[in-house]
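In: Turn this into a structure:
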Amino acid sequence: MLKIKSVTAKNFLSIGAVTQSVVLDQNQITLVLGTNLDLGGEDTGNRNGVGKSVLANIVSYALYGQALTNIRKENLINKTNGKAMFVTIEFETNGINYKIERGRKPNVLRLYANNKKIKDDQDQGEDESQGDTRETQKSIEQILEMSHTMFKHLVMLNTYTEPFLSMKAADQREVIEQLLGLTQLSEKAESLKIINKAIKDEIQAEQYKIEGIKRANDNVQKSIDSLTIKSTAWENKKEQEIESLGVAVVELEQVDIDQELELHNQLKTWRDNQTKINNLERQRATLKSAAVQAEKNVNKYTRELEQLGSRSCPACQQELQDHKHQEMSDTAISHLEEACVYLDKTNAELESIVKSIEDIGDQPVMPVTFYSTESQALAHKNNLENLEKELTVKIQESNPYDEQIQELKTSAIQELDWSTINALTRSQEHHEFLLKLLTNKDSFIRKKIIDQNLNYLNKRLSYYINQLGLPHAVVFQNDLTVEITQFGQELDFHNLSRGEMNRLILSLSFAFRDVWESLYQTVNLLFIDELIDAGLDLAGVENTLMVLKKMAKERQKNVYLISHKEELIGKVNTVLRVVKSGGFTSYLNNGGDEEQQYHVHT
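Out: Now for the predicted structure:
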């Protein structure tokens, strides 16, 4: 699960130098309303331009280094202060807690995993495509397992970015292929292409080898023909061939091939040990965190027992009756015993991991080899042996010509061996067949994925269309295009009214999210920016809220509903007030009887 926990920002768009911090994992619906005190406040109806959408852009920029729309990075810096823009975001995925720190003027990009800094790119200049920043962002998106395009369609729903059905057909197809898992086929196809190229290179090398053997055989035959004509020509040619073979042998003997093969064995052992150490280090980090939490629990329950010893309630300090005191004491003792057992178990496992690391010992320096692979080293040895044999044969050749000619026919002419090329060709044909299965639009693999996942997408889309009260049928076809009909009449997206468009945008996004979470991972956050304000009647708003409430309650989603509608206050869990005052934006929460700042600190 991708669980986005919190964000902070300062000097970002309309936010000033006072750092604003918002918790994002409440599993509830939060209504975001704006008040522009610079233009008179709530009574004047001034709710625009206060920065309600800033929070969504903070999340987008913190994760992906770009806003939801085409705002240049320099224009994300607060224009009044002009520097020191800084945002952070904390999230959890695959059991690891991550934190990203990102800023401009100065440029900063840091990535933490379980409070340990693993990337730190600073002062890369105005062009962030240089240096390590691009690689750090690539690492972040690999962790998120979601592109920025999918993020906008699944998490950040708004009225100012291009709706899916307004996109070009090629862009729509790209989104759907990502959603349905077809992009993974393309990635596997790219891997197959790399393998196929390597096989082609091997075939070409083998062809060069055979051509070399053919040329060598031709030269030997010419020598045989020449020997019958002129003895001196034969002698001169023999000396030249001996010299040529000797030079080749000397060049190959410059490498101690036995030592080279031993270094390859040492390198394999070194890599195996390094992998073990890395795995053990990750386990140790996880267990350390668990041990710290377990010790906190032991201390907590110990304090509860100490407080219960005075026969007073730890929570309200009132005196406890005997039966209540006994009951609470037994519970606290049980909790303490469980916490102690878990702490001991965790520490024992941690000691075991540490011992395993110590048993492996310090790694020596990584062995350095002449050849990149052991097979290349073995080929070197084989070539050297072949050349030495040819040289021995050539030296032992004797005159008269008849004996020499016979010797050349029997030992110098090499047999052409096509077995390696045949095997490589079969392998190449097999990989090309697999490549067609992955890339051909008529491939049964692609059809199976499309049929299975597209069917689920259409079911979820139909469900949300019915829930939101849209009187149209919207279906994704097998060619990944979208068909919109009403009473059998085919329509385009822009034939719909504004309210119908917004219902369809919401339905599509909800269905996309269901498919994504069924195939990849769940995401706890959802922003809806003014989509229920434009064109939705009362029934449409109520239907949308019903879906969102169910999503928040049953699927642990934190929904931020950005709106101008004050009447929604009584229909949500909490209200986040976005206040513009003195030219700067801050966040206030209507969580109780009086208004108070909502997660704000400097």
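
In: mind listing what's buried in stretch 20-33?
Out: Buried residues in stretch 20-33, defined by neighbour count with 16 or more other Cβ atoms under 10 Å: Gln20, Ser21, Val22, Leu24, Asp25, Gln26, Gln28, Ile29, Thr30, Leu31, Val32, Leu33. Bear in mind the C-beta positions are built from the backbone N, C-alpha and C, glycine included.

In: Val7 is in contact with the third one, correct?
Out: Yes: counting by Cβ atoms under 8 Å, Val22 sits close enough to Val7 to count as a contact (5.7 Å).

In: So which residues of this protein form helices?
Out: 54-64, 133-144, 148-154, 169-180, 182-227, 231-252, 257-308, 322-360, 374-396, 401-407, 419-439, 444-468, 498-519, 538-554 (DSSP state H).

In: Buried deepest among those helices, which one?
Out: Comparing the helices of the chain by mean neighbour count (mean count of other Cβ atoms under 10 Å), helix 54-64 ranks first with a mean of 24.

In: quick one, it and helix 133-144 angle?
Out: With axes from the mean of the first three to the mean of the last three Cα atoms, to 10 degrees applied, the angle from helix 54-64 to helix 133-144 works out at 100 degrees.

In: what sits against Gly65?
Out: Lys73, Arg102, Leu109, Glu128, Gln137 (Cβ atoms under 8 Å, 6 or more residues apart in numbering).

In: hmm, I was thinking of Trp418
Out: Listed by Cβ under 8 Å, 6+ apart, the contact set of Trp418 reads Ile210.

In: Now it, what are its backbone angles?
Out: The phi and psi values for Trp418, taken as degrees, to the nearest 10, are phi -100, psi 0.

In: and for Val22 and Val7, which residues touch both?
Out: Shared contacts of Val22 and Val7, defined by Cβ under 8 Å, 6+ apart, are found at Leu55.

In: Glu295 versus the most centrally placed residue in the chain, what's the distance?
Out: Residue closest to the mean C-alpha point of the chain, counted by Cα atoms, centre = their mean, is Gln142 at 1.5 Å. Distance check for Gln142 against Glu295: by Cβ to Cβ, to the nearest Å, it reads 33 Å.

In: go on, Lys550?
Out: For Lys550, the distance to Glu295 equals 40 Å [Cβ to Cβ].

In: Any idea how far apart the tips of stretch 520-531 sit?
Out: End-to-end distance of stretch 520-531 (Cα to Cα, to the nearest Å): 26 Å.

In: ok, and what's touching that stretch?
Out: 1-4, 24-25, 27, 52-53, 55-56, 59, 93, 145-146, 154-160, 502, 505-506, 513, 516-517, 548, 551, 555-564.

In: I figured Leu192 hits Lys436, correct?
Out: No: assessed by Cβ under 8 Å, Leu192 is found out of contact with Lys436, at 9.9 Å.

In: among the contacts of Gly65, who's most crowded?
Out: Within the contacts of Gly65, neighbour counts (other Cβ atoms under 10 Å) peak at Arg102, which reaches 27 neighbours.

In: where does it sit relative to Glu407, distance-wise?
Out: Separation of Arg102 from Glu407 (Cβ to Cβ): 76 Å.

In: And Thr269, by the same measure?
Out: Distance from Thr269 to Glu407, by Cβ to Cβ: 47 Å.

In: just Ile4 next, same as before
Out: Ile4 is 80 Å from Glu407, by Cβ to Cβ.

In: Ok, Ile277 next?
Out: Counting by Cβ to Cβ, the separation of Ile277 from Glu407 is 58 Å.

In: Ok, Tyr61 next?
Out: 79 Å.

In: cool, and Glu337?
Out: Distance from Glu337 to Glu407, by Cβ to Cβ: 91 Å.

In: so where's the stretch 251-400 of the chain uncertain?
Out: The stretch 251-400 of the chain contains residues with pLDDT under 70 at 311-318, 320-321, 398-400.

In: partners of Lys99 in the sheet?
Out: Per DSSP bridges, the residues bridged to Lys99 are Glu90, Tyr112.

In: How about the contacts made by the residue nearest to Leu461 when sequence neighbours are not counted?
Out: Residue nearest to Leu461 in three dimensions, not counting chain neighbours: Ala511, with 4.0 Å by Cβ to Cβ, 6 or more residues apart in numbering. Counting by Cβ under 8 Å, 6+ apart, Ala511 makes contact with Leu457, Arg460, Leu461, Tyr463, Tyr464.

In: where does the stretch 401-550 of the chain have low pLDDT?
Out: Along the stretch 401-550 of the chain, the model assigns pLDDT under 70 to residues 401, 403-404, 438-444.

In: Contact partners for Lys105?
Out: Ile77, Gly82, Lys83, Ala84, Met85.

In: can you do 7 Å?
Out: Residues in contact with Lys105 (Cβ atoms under 7 Å, 6 or more residues apart in numbering) are Ile77, Lys83, Ala84, Met85.

In: how much space between Val255 and Leu267?
Out: Applying Cβ to Cβ, the value for Val255 to Leu267 is 16 Å.

In: Please apply the same query to His380.
Out: From His380 over to Leu267 the distance is 16 Å, taken as Cβ to Cβ.

In: Pull the number of nearby residues for the nearest residue to Gln26 once chain neighbours are set aside.
Out: Excluding the flanking residues, the one nearest Gln26 by Cβ to Cβ, 6+ apart is Asn558, at 5.1 Å. Residues near Asn558, counting by other Cβ under 10 Å, number 23.

In: ok, Asn558 touching Leu24?
Out: Yes: using Cβ atoms under 7 Å, Asn558 makes contact with Leu24 at a distance of 5.6 Å.

In: So what's the gap between stretch 261-269 and the chain middle?
Out: In terms of Cα atoms, centre = their mean, to the nearest Å, the centre of stretch 261-269 is found 33 Å from the chain centre.

In: got the contact list for it?
Out: Outside stretch 261-269, the residues that touch it by Cβ under 7 Å, 6+ apart are Met366, Pro367, Thr369, Glu374, Ala377.

In: out of those residues, who's nearest Arg577?
Out: Nearest to Arg577 among the contacts of stretch 261-269: Met366, at 58.2 Å, using Cβ to Cβ.

In: so who does that closest one touch?
Out: Contacts for Met366 (Cβ under 7 Å, 6+ apart) come out as Leu267, Trp270.

In: repeat for Ile71
Out: Per Cβ under 7 Å, 6+ apart, neighbours of Ile71: none.

In: quick one: average confidence on stretch 219-227?
Out: In this model, stretch 219-227 has a mean pLDDT of 78.

In: That one: how far from the chain's middle?
Out: 64 Å.

In: go on, stretch 105-113?
Out: For stretch 105-113, the distance to the chain centre is 18 Å (Cα atoms, centre = their mean).

In: what does stretch 464-483 give?
Out: 30 Å.

In: got a list of contacts for that stretch?
Out: By Cβ under 7 Å, 6+ apart, stretch 464-483 touches 165, 173, 176, 450, 454, 457-458, 461, 484-486, 490, 500, 503-504, 506-507, 510-511, 539-540, 543-544, 547.
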